[in-house]
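Kindly generate the corresponding structure for this input.
(one chain, ligands or ions: 2)
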Amino acid sequence: MATTEKLRLGVNIDHVATVRNARGGACPDPVRAAKLAEEAGADGITAHLREDRRHIVDADIEGLIAALECPLNFEMAATAEMQAIALRHRPHAACIVPEKREERTTEGGLDVAGDETRLAGFIAPLREAGCRVSLFIGHEPRQIEAAARIGAAVVELHTGAYCDFHAEGDFARRDAELEALREGAALAHSLGLEVHAGHGLTYDTVQPVAAMPEVVELNIGHFLIGESIFRGLGPAIAEMRRLMDEARA
Ligand SMILES: CC(=O)[C@@H](O)[C@H](O)COP(=O)(O)O
Ligand SMILES: NCC(=O)COP(=O)(O)O
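Numbering: from 1, shown residues only. Ligands and ions are numbered 1, 2, ... in the order given. Here you go, the predicted model:
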């Protein structure tokens, strides 16, 4: 498959809110960060309204909907509360993610195969409202096949394990994970799903994922917000963009 389509970069601004919430108050403002990311070349903004509101809060979503010119990818758990919020705002994309209360970050992907009937019913109103429904899943074939069966438009493949193995220096397991992601991306594409990827990506790990021809969007947040302390948000995004384009060339 030829790599012709430009790879989109969605910038996740959750962890601007993490810093704000450490003190309370209004700064740093995630909406301001999102506008800056837009100016720096982000193709979209991702924000995860967790059920416990540990970072992004409802007012942030309202602010993003009002201020953004680029598409908003609204990450949400498959709950009635989140569904109502998504139906009220009708973001460009609704990405359904698994949530556990005690987790430090999103561990693993959604169990679509194990919850197929409920999830099919859950995403139907979102699709009818015009949201592109995305499912945040692992690379296991049974999860990808279930995502296609229930009518999702997009799957976002969880790259967290690949990035963790890289950081731990366990290169054999990193490479096995990368190969499984490659196979997952190819399977998803063959089933008519749009393929995105993300979680934990850094300058060191982005290029092998960016080089996968079926992947059309990467969502990257925590690393970019951290890196912006050192070089500023615009330059941090520009460098990620450069690495993505280089991998795609
Ligand atoms: C779903 C996902 O991978 C990320 O967007 C995540 O929402 C970032 O926030 P957390 O670190 O709270 O998981
Ligand atoms: N869905 C993944 C995402 O939005 C960004 O994850 P991370 O880069 O903050 O780990």
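
what about the helices in this structure?
14-23, 30-39, 58-67, 80-89, 116-128, 141-149, 160-168, 171-190, 206-210, 222-231, 233-248 (DSSP state H).

of those helices, which approaches ligand 2 most closely?
Taking CB to the nearest ligand atom as the criterion, helix 222-231 is the member of the helices of the chain that comes nearest to ligand 2, at 3.5 Å. For glycine as for every other residue, the C-beta is placed from the backbone atoms N, C-alpha and C.

now the residue nearest the centre of the chain: how far from His166?
Geometric centre of the chain, nearest residue: Asn219, 4.2 Å, by CA atoms, centre = their mean. To His166, Asn219 is 18 Å away according to CB to CB, to the nearest Å.

these two touch, right, Thr106 and Ala77?
No. Using CB atoms under 8 Å, Thr106 is not in contact with Ala77, being 10.1 Å away.

anything in contact with each of the two?
97-99 (CB atoms under 8 Å, 6 or more residues apart in numbering).

Just put those residues in JSON lines and tack on pLDDT and distance to ligand 1.
Converted to JSON lines, these look like this (pLDDT from 0 to 100; distance: CB to the nearest ligand atom, whole Å):
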{"residue": "Val97", "pLDDT": "98", "distance to ligand 1": "4"}
{"residue": "Pro98", "pLDDT": "97", "distance to ligand 1": "8"}
{"residue": "Glu99", "pLDDT": "93", "distance to ligand 1": "8"}
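
Quick check: which ranges of the chain have low pLDDT?
1-4 (pLDDT under 70).

so how many other residues sit close to Arg20?
Neighbour count for Arg20, taken as other CB atoms under 10 Å: 20.

out of Thr106 and Ala77, which sits in the more crowded spot?
More crowded of Thr106 and Ala77, by other CB under 10 Å: Thr106, with 20 against 17.

which residue packs closest to the more buried one, ignoring adjacent ones?
Nearest non-adjacent residue to Thr106, counting by CB to CB, 6 or more residues apart in numbering: Val97, 5.7 Å away.

ok, back up a step: can you tell me which of the shared contacts of Thr106 and Ala77 comes closest to ligand 2?
Nearest to ligand 2 among the shared contacts of Thr106 and Ala77, with distances taken as CB to the nearest ligand atom, is Val97, at 7.1 Å.

I'd guessed the residue nearest to the centre of the chain sits against Glu156; true?
Yes. In this structure Asn219 lies within contact range of Glu156 using CB under 8 Å: 6.6 Å.

what do these two both touch?
Residues touching both Asn219 and Glu156 (CB under 8 Å, 6+ apart): 196-198.

Save the shared contacts of Thr106 and Ala77 as a markdown table, and put in neighbour count and distance to Ile123 too.
Converted to a markdown table, the shared contacts of Thr106 and Ala77 look like this (neighbours: other CB atoms under 10 Å; distance: CB to CB, whole Å):
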| residue | neighbour count | distance to Ile123 |
| --- | --- | --- |
| Val97 | 21 | 13 |
| Pro98 | 19 | 14 |
| Glu99 | 18 | 16 |
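
Next up, the contacts around the spatially closest residue to Leu201 that is not a sequence neighbour.
Sequence neighbours aside, Ile220 is the residue nearest to Leu201 in space, at 4.8 Å (criterion: CB to CB, 6+ apart). Going by CB under 8 Å, 6+ apart, Ile220 touches 9-12, 198, 201, 206, 240.

Give me the buried entries from the residues you listed.
Neighbour-count burial (16 or more other CB atoms under 10 Å) is assigned, among the contacts of Ile220, to 9-12, 198, 201, 206, 240.

quick one on the thing from earlier: and the residue nearest to the residue nearest to the centre of the chain when sequence neighbours are not counted, how far is that from ligand 2?
Using CB to CB, 6+ apart and skipping the chain neighbours, the partner closest in space to Asn219 is Gly198 (3.5 Å). Going from Gly198 to ligand 2 by CB to the nearest ligand atom, to the nearest Å gives 3 Å.
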